[in-house]
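Student: Below are the sequence and a predicted model; questions follow.
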Amino acid sequence: MNLIRFPGATMTAPAGNPHVTATLRSLVTVVPPHHIPQSVAKERAREVFGSRMPFFDQLEQVFDNAAIDARYSCLPVEWFLGPADFEEKTRLYQEHATALAFTAANRALDRAELKAEDIDVIVFVSSTGISTPSIDARLMNLIPFRSDVMRLPVFGLGCAGGVLGMTRTAQMARSQPGLNCLLIVVELSSLAFRYDRLTKSNLVASALFGDGAAAAIVTSGAEDSTSPTLGIGGEHCWPDTLDVMGWNIDAQGFDVIFQQSIPQIIADDYPAALDGFLDRHGLERADIDRPCCHPGGAKVTDELEKVFGYPKFGLDAERRVLAAYGNMSAPTVLFVLDDLLRSGASGTLLMSSLGPGFTAGFQMVTVAEPQPAP
């Protein structure tokens, strides 16, 4: 579990809100208790698939090539050795997502030195389970938020949810000076594991995905030179790409969709989307001091390094997060942001991730140079 309180930043609010600044007061990252080394995941995958999947021997190297050392799961590894239906997975999602959200929310409040009753808005982002009432509504019965708090549960953004969740939170904060907004992002990607699916995509998912959560407090209107600020945000949705990433849903739960073409899309199409976002706001790539990318996998990170002009392994924070936690979907980019801020990154950062739609999300973050101790 990582906590952070920030050393300093100021930033002019985006056009249209010239007098309202969105300030990132705190950021926390949380993982569930079960630590699964990649070597153990590979062994268990062989137990589950080896005798039933004729091509397993040719594909098991995906565990070795994923650039992942370990990840975390809400359930012990033994749970994955047998089938589970959608009803069981939904119950487990509601239980464990609520628990992670509870921990993340309380830690974010502590870091921001706020109380639950100070929160005006809760944005909850998750795409790995279904819950009605939503997880944020369940938190209302566990944490003493005000009964009139505004809530926005967001489903379906997938890996783009961390960036676009931050953008939505900043937009809501800027809508009215003085608002305190709580962003919670939780994904239990391990629950998408399919014992019954003898497919390459299911095996790749079992080599990549882990569970995690993050929470942030974003406030507006207060002068605060000690915290990063959130600037412009945006997104780009490519037409005719609904089959690139997402879920198929059946009686056994979520079945992952992701195409092998994703790294090629980044190489061929992401640069124009990035430049289009920047150009609309009078910026160019040279104005970015450091990207903060969602490391969807080793090949995705390779292509992002090329786009942003980094040598291989140059996106070191992204690779550290991928190695230590795997692909947690939406929270992953917030783990990267946490890593960068702890490492002393400053200047103009660009958060970016890709998700279903097929969609790219962008969010600018400005962090001031650390001030020397008096």
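Tutor: That came in fine, so what should we check first? Numbering: from 1, shown residues only.

Student: where along the stretch 151-300 of the chain do the helices fall?
Tutor: Assigned by DSSP state H, counting those that start in this stretch, the stretch 151-300 of the chain shows helices spanning 161-174, 200-208, 262-268, 270-280, 298-307.

Student: Highest mean neighbour count out of these?
Tutor: Most buried of those by mean neighbour count (mean count of other CB atoms under 10 Å) is helix 161-174; its value is a mean of 27. Where C-beta positions appear, they are placed from N, C-alpha and C, glycine not excepted.

Student: Can you flag the weakest of the helices of the stretch 151-300 of the chain by average pLDDT?
Tutor: Per-stretch mean pLDDT for the helices of the stretch 151-300 of the chain is lowest at helix 200-208 (a mean of 86).

Student: still on that earlier bit, now the helices of the stretch 151-300 of the chain as CSV including distance to residue 27?
Tutor: Putting the helices of the stretch 151-300 of the chain into CSV (distance: least, CB to CB, whole Å) gives the following:
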stretch, distance to residue 27
helix 161-174, 10
helix 200-208, 24
helix 262-268, 26
helix 270-280, 23
helix 298-307, 21
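
Student: Any stretches of this protein with poor pLDDT?
Tutor: Applying pLDDT under 70 to the chain picks out residues 1-19, 222-225, 370-374.

Student: for the helices of the stretch 151-300 of the chain, which one sits closest to residue 26?
Tutor: For the helices of the stretch 151-300 of the chain, the distance to residue 26 is smallest for helix 161-174, at 12.5 Å, taking CB to CB.

Student: who wins for proximity to residue 347 among the helices of the stretch 151-300 of the chain?
Tutor: helix 270-280 (15.2 Å).

Student: returning to what we had before: and the helices of the stretch 151-300 of the chain: which comes nearest residue 185?
Tutor: Nearest to residue 185 among the helices of the stretch 151-300 of the chain is helix 161-174 (5.4 Å), distances taken as CB to CB.

Student: so how far is that closest one from its chain's centroid?
Tutor: 12 Å (CA atoms, centre = their mean, to the nearest Å).

Student: Also stretch 339-357?
Tutor: Relative to its chain's centre, stretch 339-357 lies at 11 Å (CA atoms, centre = their mean).

Student: for stretch 117-133, same thing?
Tutor: The answer for stretch 117-133 is 14 Å, by CA atoms, centre = their mean.

Student: Could you pull out the buried residues of that stretch?
Tutor: Using 16 or more other CB atoms under 10 Å as the test for burial, stretch 117-133 gives 119-131.

Student: now swap in stretch 77-88 and tell me
Tutor: 77, 79, 80, 84, 86.

Student: My guess is the last one contacts residue 253. True?
Tutor: Yes - between residue 86 and residue 253 there is a contact at 4.3 Å, judged by CB atoms under 8 Å.

Student: hang on, the earlier thing: so of the buried residues of stretch 77-88, which ones are in helices?
Tutor: The helices, defined by DSSP state H, take in residue 86 from these.

Student: From the buried residues of stretch 77-88, which land in strands?
Tutor: Judged by DSSP state E, strands contain none of these.

Student: closest to residue 57 among the buried residues of stretch 77-88?
Tutor: Taking CB to CB as the measure, residue 57 sits nearest to residue 80 out of the buried residues of stretch 77-88, at 20.0 Å.
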